[in-house]
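Participant: The following block contains a protein sequence and its predicted model.
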Amino acid sequence: MEFTVLTIFPEMFPPFWENGIIRRAIEQGIISASAINIRDFTTDRHRTTDDRPYGGGCGMVMKPEPLADAIRTARANAPSSKTVLMTPQGRPFNQRVAEELSLVEGLIFVCGRYEGVDERICRHFIDDEISIGDYVLTGGELASMIIMDAVTRLRPGALGGEESAARDSFSENVLEHAHYTRPRNFEGDEVPDVLLSGNHREIEKWRLETSLIRTFLKRPDLLRERPLSPHEINILKNWCSDIET
Ligand SMILES: O=C(NCc1ccc(CNCc2ncc[nH]2)cc1)c1csc2nc[nH]c(=O)c12
């Protein structure tokens, strides 16, 4: 999987690529990553990448020529890549989109600044438009890192053995159970006995129940995305009746 980022702030990216699972995935050849400075594709003395909007109004718009030349270069270097424009107007990013993107050969991220990019770029050079949420950022760079992060961990081999198992248990619609590690008693708060029992059936039962209950309490919206099984409904009923008594 090849990541290419088009940005006017390429220096934001090496620190992101030099740590943790991303760094290991690069070292193992699972992914490759590079940043292209859009400013290198300007032709004027001031290396201008933005200009005032036609129709007036505040803010600046990213010029189409430097972006088009940068995208052409990126595509020449990574031919079977999908060109993704990072924009507040894009389709909302989520785990399903991460899984979809993790299957392509390469991704070219166009990171806008200012008020956005010239519409001719959106019309003729972009394959997909993605937003990472309904809040306004100062640019698309952090959004592209979030996508690279979520997509990398889905690539085969990116997560070590134990982590990948953990990932498999992650089903989209429930929050994870509580996690504990040593010491057993931390400032007077003890780890639940069941987790020390070595009884894996009971431990799995406790983990499923606590996942369901904390999803019900913190993110009931997730539970509406798929029907609860009779067993799961029972767990919630028992828990509710326990708190009623
Ligand atoms: O480039 C990005 N943002 C920079 C930016 C900021 C403002 C405007 C112009 N105003 C738009 C607006 N919409 C609602 C209110 N104001 C355009 C572009 C960006 C890329 S992905 C993403 N995902 C979530 N949020 C984001 O901002 C982004």
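Facilitator: Everything's here; your move.

Participant: By mean pLDDT, which helix or strand of the protein comes out lowest?
Facilitator: helix 161-169 (a mean of 63; mean pLDDT, DSSP states H and E).

Participant: helix or strand right after that helix?
Facilitator: strand 185-186 (DSSP states H and E).

Participant: Pull up the pairing partners for that following strand, direction included.
Facilitator: Sheet pairing for strand 185-186, assigned by DSSP bridges, gives strand 189-190 (antiparallel).

Participant: Can you name the residues in contact with the partner strand?
Facilitator: Under the criterion CB atoms under 8 Å, 6 or more residues apart in numbering, residues residue 184 lie in contact with strand 189-190. Any C-beta I mention is one placed from the backbone N, CA and C, and that applies to glycine too.

Participant: Check the offset of it from the chain's centre.
Facilitator: 34 Å (CA atoms, centre = their mean, to the nearest Å).

Participant: dump the residue contacts of residue 71.
Facilitator: When contacts are counted by CB under 8 Å, 6+ apart, residue 71 touches 6, 83, 108, 110, 121, 125.

Participant: I'd assumed residue 152 was in contact with residue 101.
Facilitator: No - Residue 101 lies out of contact with residue 152 (CB atoms under 8 Å); the separation is 10.5 Å.

Participant: Those two - which one has more neighbours?
Facilitator: Per other CB atoms under 10 Å, whichever of residue 101 and residue 152 has more neighbours is residue 152, with 24 against 20.

Participant: contacting residues for the more buried one?
Facilitator: Neighbour list for residue 152: 1, 21, 22, 25, 30, 31, 158 [criterion: CB under 8 Å, 6+ apart].

Participant: And these, which two are furthest apart?
Facilitator: The span of these, defined through CB to CB, is set by 1 and 21 at 13.5 Å.

Participant: In terms of neighbours, single out the busier of those two.
Facilitator: Taking neighbours as other CB under 10 Å, residue 1 and residue 21 compare with residue 1 leading, 22 against 15.

Participant: how much space is there between that one and the ligand?
Facilitator: To the ligand, residue 1 is 20 Å away according to CB to the nearest ligand atom, to the nearest Å.

Participant: go on, residue 238?
Facilitator: From residue 238 over to the ligand the distance is 41 Å, taken as CB to the nearest ligand atom.

Participant: likewise residue 44?
Facilitator: Applying CB to the nearest ligand atom to residue 44 and the ligand gives a distance of 23 Å.

Participant: just residue 116 next, same as before
Facilitator: Note on residue 116: its distance to the ligand, by CB to the nearest ligand atom, is 5 Å.

Participant: Then residue 99?
Facilitator: To the ligand, residue 99 is 19 Å away according to CB to the nearest ligand atom.

Participant: I'd say that residue and residue 154 touch.
Facilitator: Yes - counting by CB under 8 Å, residue 99 touches residue 154, with 6.1 Å between them.
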